[in-house]
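Participant: generate coordinates for the sequence data below:
(chains A and B)
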Amino acid sequence: MSRTTNGAASRGLNRRALGLLLELALPVAVLVGYGVWASRAQSFYFPPLDEIGRYFNELWLFDRVGSDLVPSLVRMGAGYLASVVVGVSLGLLLGMSRVLRTAAEPVVEFLRALPAPALIPFSLLLFGSGDSSKIFVIVLGAVWPILLNSIDGVRGVDAQQLDMARAYRIPLAARVTRIILPAAAPRIFAGMRTSLAIAIILMVVSEMVASSDGLGYFVLEQQRSFAIPEMWTGIILLGVLGYVLNWLFLRLERRVLAWHFGLKGLAGPAAPRKQSGRAARRSARASSPSAPSSDGEV
Amino acid sequence: MLEVSHLRKVYGPDPTAAPAVADLDFTVADQEFVCVLGSSGCGKTTMLRCLSGLIPFTSGEITLRGKPVTGPPEDMAFVFQDYSRSLLPWMTVRRNIAFPLRYKGVDRRAANEATEEALDAVGLAGRGDRYPWQLSGGMQQRVAIARALAYRPSILLMDEPFASVDAQTRSGLEDLLLSVKQRYGITVLFVTHDIDEAIYLGDRVLVLRPPATVGHAVTVNLPRPRDQVLTKQEPEFARLRGELFAAIDGRSVAA
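Facilitator: Now for the predicted structure:
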């Protein structure tokens, strides 16, 4: 018994090590390939790795962190947070009320179709060239996936859970926070993930127009002064930033939606041991004819 | 305890449309176990939804302990057929059970006690920290029953609660239900389409015919406590089964 679990555990470990190796192989190959090629090519536009590395070290550890990285992060953070708050609360309202949804739909569809960068000039007029105009543009682009997914999530809440809540006389506020929001959370998180990428894009774009700091400003400025290796460090930093934020987001999602992943049989490393038994039971349940829904009867 | 008179329910705005419940009359006495038997489409679910105050009815009257039912009553609990959809998967078993109690004005300590007691009554002591989806179907339905018990209702409405579990689990749940009914001293209105289940559990069995009128009613004179093997061997059990089968079928029955 213990031997089999040990075997399984070490097999699992091996597989994870192999997976990690596989994941690292391509990035390493690309880096090495680029390094070898660039050091021979002597191209002005594609500086060798060690040069980029040297500049990266010089600029981002930690000279310009305070002057460019932090302002960017603050704008993106504020814009993203505002998008989540606005998107989820509006989504709750529109999801729960058919009247509001019908009334708001044309406006939502129009605004959603509007490319957010097109509003940068207007936003500059409205808010000036400070942080507010950039945050405004970020919200204008990032709010839609969250809003639309929240609406869908709220509409998709199981009617029987709501019946249960009413039968037990759960007040409306608790129904919203304890049932509707958690039930819609998987969809909301899907929207939030899309919006995260949009927020980063709009942060960069908004900083390239009428700005005096930030990563977008930095990249554009270096390009304008033909400081190509410096420009590349900004681009690489943006890539790393996107990667890290996405990774953090997935960690958060795994944590908040642990029940959802467990329910769907996607339990990650959080609960590896009980998984087999649970999975077996789940598949047994899935294969048995599940309860006919109430549409057979009126 | 529960009195239903001339209950009528028509869906939609047109009151002359075909009713889902036409003219329903029955009463349930205190501590009684009444089973409502009917094939699908006969209006069982609509009836239960009216009784539980979840949907308004067109005309007639429902009173629970003398008070007319206009919304979900305070001393009523509902067990749904589909446990996997009425339990909240983001809450542990314990929190699922305690959830309605907070809003009933039960203080935390009493709520915890009621929760533990209900868990114990349904044989799930020690599983409170699991999530519903970590349990088998039968156990999930026991959680739903525990949630209803912890709510301390005077009447329990059950909508085909054992229809989606396997036969073995089902008889276990039936016996569990009889024992907790005894322990908590509650009244039960149990809707099912299974004749044997209705006879085995009930003090009385009402047969519902579309559009939800009581077509036939029998009193079950079988001794309690009931036993899955012995009770079902009684000649009376066989006789009732025949009578109810005919009644559901719509044949005229010689009483």
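Participant: residue 26: helix or strand, and which one exactly?
Facilitator: Picking chain A for this. helix A:2-41 (DSSP states H and E).
Participant: hmm, no, I was thinking of chain B.
Facilitator: Short version: B:F26 belongs to strand B:21-28, going by DSSP H and E.
Participant: got it, and A:A197?
Facilitator: Taking DSSP H and E as the definition, A:A197 sits inside helix A:181-207.
Participant: that helix close to chain B?
Facilitator: Yes. Part of helix A:181-207 sits close enough to chain B to count as contact by C-beta under 8 Å from any C-beta of the partner chain, namely A:182-183, A:185. In short, each C-beta sits where N, CA and C put it, glycine included.
Participant: tell me the phi and psi of the residue of the stretch 101-250 of chain A at minimum distance from chain B?
Facilitator: Checking the stretch 101-250 of chain A residue by residue against chain B with C-beta to the nearest C-beta singles out A:Y168 as nearest, at 3.7 Å. Dihedral angles of A:Y168 (phi, psi; degrees, to the nearest 10) stand at phi -90, psi 10.
Participant: check B:G215 too.
Facilitator: Main-chain dihedrals, B:G215, degrees, to the nearest 10: phi -80, psi -20.
Participant: how about it, what does it touch?
Facilitator: Contact criterion C-beta atoms under 8 Å, 6 or more residues apart in numbering or on different chains gives B:207-209, B:247, B:250 as the residues in contact with B:G215.
Participant: which residues of chain B lie near chain A?
Facilitator: Contacts of chain B with chain A, taken as C-beta under 8 Å from any C-beta, map to B:11, B:20, B:40-46, B:52-54, B:72, B:74, B:76-78, B:80-82, B:84-86, B:88-90, B:99-100, B:102-104, B:131, B:133-134, B:136-137, B:151, B:163-164, B:166.
Participant: may I ask which of the contacts of B:G215 has the most neighbours?
Facilitator: Greatest neighbour count in the contacts of B:G215, by other C-beta atoms under 10 Å in any protein chain shown, goes to B:V207: 27 neighbours.
Participant: what sits closest to it if chain neighbours are left out?
Facilitator: Leaving aside its sequence neighbours, B:V207 sits nearest to B:H216 (C-beta to C-beta, 6 or more residues apart in numbering or on different chains; 4.1 Å).
Participant: using the three-state scheme, assign the one you found.
Facilitator: The three-state label for B:H216, taken from DSSP: H, G, I helix; E, B strand; the rest coil, comes out as strand.
Participant: doesn't B:R204 make contact with it?
Facilitator: No. Applying C-beta atoms under 8 Å as the test, B:H216 and B:R204 come out as separate, 11.1 Å apart.
Participant: A:I151 versus A:N246, what's the distance?
Facilitator: From A:N246 across to A:I151, the span is 24 Å (C-beta to C-beta, to the nearest Å).
Participant: look at the two and report which has more neighbours.
Facilitator: A direct count of neighbours by other C-beta under 10 Å for A:N246 and A:I151 places A:I151 higher, at 26 against 14.
Participant: so B:C35 sits in a helix?
Facilitator: No. Assignment of B:C35 by three-state DSSP gives strand, placing it outside any helix.
Participant: before we move on, the earlier item: following the helix holding A:A197, which helix or strand shows up next?
Facilitator: Using DSSP H and E, the next helix or strand after helix A:181-207 towards the C-terminus is helix A:215-224.
Participant: mind listing what's buried in that following helix?
Facilitator: A:215-222 (16 or more other C-beta atoms under 10 Å in any protein chain shown).
Participant: stretch A:74-87 too?
Facilitator: In terms of neighbour count (16+ other C-beta under 10 Å), stretch A:74-87 has its buried residues at A:75-76, A:78-80, A:82-84, A:87.
Participant: would a markdown table of those with pLDDT and secondary structure be doable?
Facilitator: As requested, these are arranged in a markdown table below (pLDDT from 0 to 100; DSSP: H, G, I helix; E, B strand; the rest coil):
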| residue | pLDDT | secondary structure |
| --- | --- | --- |
| A:R75 | 96 | helix |
| A:M76 | 96 | helix |
| A:A78 | 97 | helix |
| A:G79 | 97 | helix |
| A:Y80 | 97 | helix |
| A:A82 | 97 | helix |
| A:S83 | 97 | helix |
| A:V84 | 97 | helix |
| A:G87 | 97 | helix |
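Participant: just the closest of those to chain B, please.
Facilitator: When these are compared for distance to chain B (C-beta to the nearest C-beta), A:V84 wins out at 18.9 Å.
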